[in-house]
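K.L.:
quick one: sequence plus predicted model below, questions after.
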Amino acid sequence: MNNNFSLQEPLSKELELLLVILRDRNEDSIYPINSELFTNINWKLFIQLVRHHRVYPLIYLKLRNLDENIVPPNVIKTLHQEYKKNIFQMLNLSVEMQQVSKLFAENRILLLFLKGPVIANDIYGDISLRTSKDLDILISRTDLKRAEELLLNNGYERENTPFLLNEWKRRKHHLAYFHPIKRIQIEIHWRLHPPPTKEPTFDHLWERKRISTLTTYPVYFLGKEDLFSYLVSHGARHGWFRLRWLTDIDQMIKNGLNIEKVNLLLNKYQYHYMGGQALILASLLLNTPIPNKIKQLTEKSRSKKLAKISIKFIINMCEFQYQKDYFFSLKSNSQKFITILLLFYPSSADSETLKLPKLLHFLYFPLRPFLWTWRKTRKSS
């Protein structure tokens, strides 16, 4: 563990082994081997941890050549199966990523890929080393309607989305589309994060874009420092409950960043305490070396408090969405104020509680406190 920070929560032997493997700097194996780490391991729990944290590609490559007296053959077999499934998934997503990029370009819609094979290739140099369940793309909000039409005309179906008084525009930052034949999901983002967070405009992100070397047709994605800032904020919003997000941060720091630009972005968009949280967690759990020019971020009390909360999420494999207090604590004072105001804006739940004709939808505004109270009363009874 990094001596600059202390881990107060006890780790299971299985999680400790997982972290030791992820910290190891050798690409294809673990060396030297501390056999004591592998004794009395609950391998079923170990596999569960590896799957939950979505790090089976990295773990498999480190363990595959170890003696069966150290790691049971059935464990290697299970990891190998997950590894192969991920390769097929990433290849499939890569093909779709190129096709979508071409489709949008032919229809003059600019798009940036936020996640998926493109960042696996950029961060790890190999799409097989990172997992991804879908494709996330960012477009200008003005292109949203045309982008949706393109996907719907090409076999995608949109998720059920509440449209009461355009609620989705104020509460969401993306819409999901699923192709039932290809079994691929695409999320169209018109914002990087849910409102009311502060973030760069699409035009500014486009100016700093990069082109991927992964595909023959041009595929664009975020600039290096923009990607780091985005992954920091994304991981924070999810409580860092998957170690995969921290391995991204760890690898990007090792690959090298323009620290001055990182500092500028984190401070400008009020991600600095999230940056401190990410650096503390990465240093503590993965022994990530923290660049001196951003080490001050780890000294903020707010960053330390957030990191402490996330440690519990990681240890307990806790889903972040049930932690409303944590999510609220990420916001600035102005963002908290706007979030509270949004609570008074009608939601689809209100229309489900009381059906009103469209001409009377404006009544949901004065009725919302009563409808909310009614739902809470029914749940508690």
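P.N.:
Received it, and whenever you're ready, just let me know what you need.
K.L.:
which residues in the stretch 101-250 of the chain form helices?
P.N.:
Remark: helices assigned in the stretch 101-250 of the chain by DSSP state H, counting those that start in this stretch are 117-124, 144-153, 167-171, 202-207, 224-237, 243-255.
K.L.:
what sits closest to Ala105 if chain neighbours are left out?
P.N.:
In space, and not counting its chain neighbours, Ala105 is closest to Pro218: 7.4 Å by C-beta to C-beta, 6 or more residues apart in numbering. No exception for glycine: its C-beta is placed from N, CA and C like everyone else's.
K.L.:
which stretches in the chain count as strands?
P.N.:
Using DSSP state E, the strands assigned to the chain run over residues 112-113, 135-138, 157-158, 174-179, 184-189, 210-211, 220-221.
K.L.:
what packs against the third one?
P.N.:
Based on contacts counted as 3 or more C-beta pairs under 8 Å, 6 or more residues apart in numbering; DSSP states H and E, the elements that strand 157-158 packs against are helix 144-153, strand 174-179.
K.L.:
check the first one too.
P.N.:
Identification of packing neighbours for strand 112-113 by 3+ C-beta pairs under 8 Å, 6+ apart yields strand 135-138, helix 202-207, strand 220-221.
K.L.:
so Leu79 sits right up against Leu58, yeah?
P.N.:
No: in this structure, Leu79 is not within contact of Leu58 by C-beta atoms under 8 Å, at 10.1 Å.
K.L.:
the more surrounded of the two?
P.N.:
For Leu79 versus Leu58, neighbours defined as other C-beta atoms under 10 Å are more numerous around Leu58 (26 against 23).
K.L.:
returning to that earlier point: wait, which of the helices and strands packed on strand 157-158 is closest to Ile311?
P.N.:
The minimum distance between Ile311 and those falls on strand 174-179, with 28.1 Å, by C-beta to C-beta.
K.L.:
ok, so what distance separates the residue nearest to Ala105 from Asp143?
P.N.:
17 Å (C-beta to C-beta, to the nearest Å).
K.L.:
who's more crowded, those two?
P.N.:
Applying other C-beta under 10 Å to Pro218 and Asp143 shows that Asp143 carries more neighbours, namely 19 against 11.
K.L.:
pull the number of nearby residues for the closest residue in space to the more buried one that isn't next to it in sequence.
P.N.:
Leaving aside its sequence neighbours, Asp143 sits nearest to Ile109 (C-beta to C-beta, 6+ apart; 4.8 Å). As a burial measure, Ile109 scores 17 neighbours (other C-beta under 10 Å).
K.L.:
cool, and the one 10 residues further on?
P.N.:
For Ile119, the neighbour count with other C-beta under 10 Å is 24.
K.L.:
quick one: low-confidence parts of the stretch 101-250 of the chain?
P.N.:
Residue ranges of the stretch 101-250 of the chain with pLDDT under 70: 161-171.
K.L.:
so who does the nearest residue in space to Ile70 that is not next to it in sequence touch?
P.N.:
Distances taken as C-beta to C-beta, 6+ apart place Phe38 nearest to Ile70, at 5.0 Å, with adjacent residues excluded. With contact taken as C-beta atoms under 8 Å, 6 or more residues apart in numbering, Phe38 is in contact with 17, 70-71.
K.L.:
can I get those residues in a markdown table with pLDDT and distance to Tyr273?
P.N.:
Formatted as a markdown table, the contacts of Phe38 follow (pLDDT from 0 to 100; distance: C-beta to C-beta, whole Å):
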| residue | pLDDT | distance to Tyr273 |
| --- | --- | --- |
| Leu17 | 95 | 31 |
| Ile70 | 91 | 41 |
| Val71 | 93 | 39 |
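K.L.:
buried subset of those, written for ChimeraX?
P.N.:
Remark: buried members of these, expressed as a ChimeraX selection using 16 or more other C-beta atoms under 10 Å:
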select :17,71
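K.L.:
sort out for me which of the contacts of Phe38 are in helices.
P.N.:
Under the assignment DSSP state H, the contacts of Phe38 contribute Leu17 to helices.
K.L.:
nearest to His189 among the contacts of Phe38?
P.N.:
Nearest to His189 out of the contacts of Phe38 is Leu17 (C-beta to C-beta; 36.2 Å).
K.L.:
list the contacts of that closest one.
P.N.:
Contacts here follow C-beta under 8 Å, 6+ apart; on that basis Leu17 touches 37-38, 41, 46.
K.L.:
which of these lies closest to Ile315?
P.N.:
Closest to Ile315, out of all of the contacts of Leu17 and judged by C-beta to C-beta, is Phe46, at 14.4 Å.
K.L.:
which residues touch the closest one?
P.N.:
Contacts of Phe46 (C-beta under 8 Å, 6+ apart): 14, 17-18, 75.
K.L.:
got it, and Tyr269?
P.N.:
Counting by C-beta under 8 Å, 6+ apart, Tyr269 has contacts 197-200, 229, 233.
K.L.:
quick check on those: which are buried?
P.N.:
197, 199-200, 229, 233.
K.L.:
want to throw the residues you listed into TSV with distance to His179?
P.N.:
Formatted as TSV, these follow (distance: C-beta to C-beta, whole Å):
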residue	distance to His179
Thr197	29
Glu199	28
Pro200	30
Ser229	30
Ser233	28
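K.L.:
return the member of those nearest to His189.
P.N.:
Here the nearest of these to His189, counting by C-beta to C-beta, is Glu199; it sits at 10.7 Å.
K.L.:
for the nearest residue to that closest one once chain neighbours are set aside, grab the count of nearby residues.
P.N.:
Nearest non-adjacent residue to Glu199, counting by C-beta to C-beta, 6+ apart: Leu192, 4.9 Å away. Number of residues near Leu192 (other C-beta under 10 Å) recorded here: 23.
K.L.:
ok, now which ones touch Leu192?
P.N.:
114, 138, 173, 199-200, 230, 233-234.
K.L.:
could you do Val232 as well?
P.N.:
249, 266, 271, 274-275, 278.
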